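Visitor: fold the following and give me the result.
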Amino acid sequence: MDNRGFTLLELIIVCVLIGIMLVVSVPTLRNSFIDDRLKATSRKIIGFINGVRELAVREQQSYFLYFDMTEARIWYEKDMKAEVKEEKEEKQELDFPAEVRISEIWTKSEGEYSDNQNRIWISPKGYMDQTILHLADETSVISLHFSPFLESVTIYDKYTSAQ
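Guide: Purely as a prediction, here's the structure:
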């Protein structure tokens, strides 16, 4: 008789080895796919800026996007140069996690911004200056390249300059 198969002991050893590998690999995978704060922040920024562009088109009103590099936050306000401010509007802003910061902002018209607080104008048609926003944490850099006329954003997992 030829009894082919696995013994209970062999099956238990394989299950224990698979369990050990899962215990070691799951936290690493979780950090790289779920808890990567830099990538999560970049997705929030893209959504925030595209939302302001859509708001400008919907209301046919120009807006300013403000970037505070020291406090790591972004907010927007209506461009009130032609209108009298009727009432103080509630500021819509996006704060970053503590470990994520804006390392540099570049626009086609102004070049590299060196001030701590900068602004970008968004037209009533949703157009904005070609902008590259560099985000950084302790270990990596992400560059977000915003197109002037489209809501498309090119994301680079490294520092990129204007092309």
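
Visitor: where in this protein is pLDDT low?
Guide: Residue ranges of the chain with pLDDT under 70: 1-2, 30-35, 81-91, 114-115, 162-163.

Visitor: excluding its backbone neighbours, what's nearest the residue nearest the centre of the chain?
Guide: Centrality entry for the chain: nearest residue to the mean C-alpha point is S42, 0.8 Å, by CA atoms, centre = their mean. Nearest-residue entry for S42: I142, 5.0 Å, with adjacent residues in sequence omitted and distances by CB to CB, 6 or more residues apart in numbering. Any C-beta I mention is one placed from the backbone N, CA and C, and that applies to glycine too.

Visitor: list the pairing partners of the helix or strand hosting the one you found within its sheet, with orientation.
Guide: Assigned by DSSP states H and E, I142 belongs to strand 141-146. Strand partners for strand 141-146, identified by DSSP bridges, are recorded as strand 131-136 (antiparallel), strand 153-156 (antiparallel).

Visitor: buried deepest among those, which one?
Guide: For the strands paired with strand 141-146, average neighbour numbers computed from mean count of other CB atoms under 10 Å are highest in strand 131-136, which has a mean of 21.

Visitor: wait, a helix at K125?
Guide: No: K125 is assigned coil when assessed by DSSP: H, G, I helix; E, B strand; the rest coil, not a helix.

Visitor: isn't it up against V57?
Guide: Yes: with contact defined as CB atoms under 8 Å, K125 reaches V57; the gap is 6.3 Å.

Visitor: okay, these two: which has more neighbours?
Guide: Taking other CB atoms under 10 Å, K125 and V57 do not tie; V57 has more neighbours (16 against 12).

Visitor: related to what we said a few turns ago, dump the strands paired with strand 141-146 to TSV, plus distance to S109.
Guide: Shown next, in TSV, are those (distance: least, CB to CB, whole Å):
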stretch	distance to S109
strand 131-136	10
strand 153-156	19
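
Visitor: out of those strands, flag the one nearest Q117.
Guide: strand 131-136 (14.5 Å; CB to CB).

Visitor: sorry, back to before: bridging residues for the residue nearest to S42?
Guide: L135.
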